[in-house]
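Student: Give me coordinates for this.
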Amino acid sequence: MEKPQEPLSLNELQQTVDQWIHTIGVRYFSELTNVAVLMEEVGELARIFARTYGDQSFKKSDPAYNLPDEMADVLFVLVCLANQTGVDLESAMRANLLKKTQRDIDRHRENPKLQGP
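Tutor: Below you'll find the model as predicted:
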């Protein structure tokens, strides 16, 4: 039985992806290429959501989709872009959550559209 792996912090994830790129992936694609790849991956994720949770249905010709794997693909490319542009995702997320908390402290609670049925 395989031992469960410890969770990765965002900083550890960025380091792990960087190490993978330099040992397995040879080098990063250009930033512009990675933005295009990110859009492709988000499209694949959107396709699964449209067919699983939306009104579309899968075609017989559709390959089997794996939602967690597609989410991981999106995250991988986003981490590549962060590494390439010098963004510390852990710090960025902390700052972003603080911004959202300060801005939205009462906004969602007071939104009648978010109240129960």
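Student: how about the lengthiest helix in the chain: buried residues?
Tutor: The residue-count maximum for a helix in the chain (DSSP state H) belongs to helix 31-52. Buried residues in helix 31-52, counted by 16 or more other Cβ atoms under 10 Å: Asn34, Val37, Leu38, Glu41, Leu45, Arg47, Ile48. Backbone N, C-alpha and C define where each C-beta goes, glycine included.
Student: Other residues contacting it?
Tutor: With Cβ atoms under 8 Å, 6 or more residues apart in numbering as the test, helix 31-52 has contacts from 28-29, 56-58, 62, 65, 67, 70-71, 73-74, 77-78, 80-81, 84-85.
Student: can you tell me the average pLDDT over that helix?
Tutor: The average pLDDT within helix 31-52 is 96.
Student: Show me what the helix or strand following that helix is in contact with.
Tutor: For helix 31-52, the succeeding helix or strand toward the C-terminus, using DSSP states H and E, is helix 67-85. With Cβ under 8 Å, 6+ apart as the test, helix 67-85 has contacts from 13-14, 17-18, 21, 28-29, 31, 34-35, 37-38, 41-42, 44-45, 48, 52, 87-89, 92.
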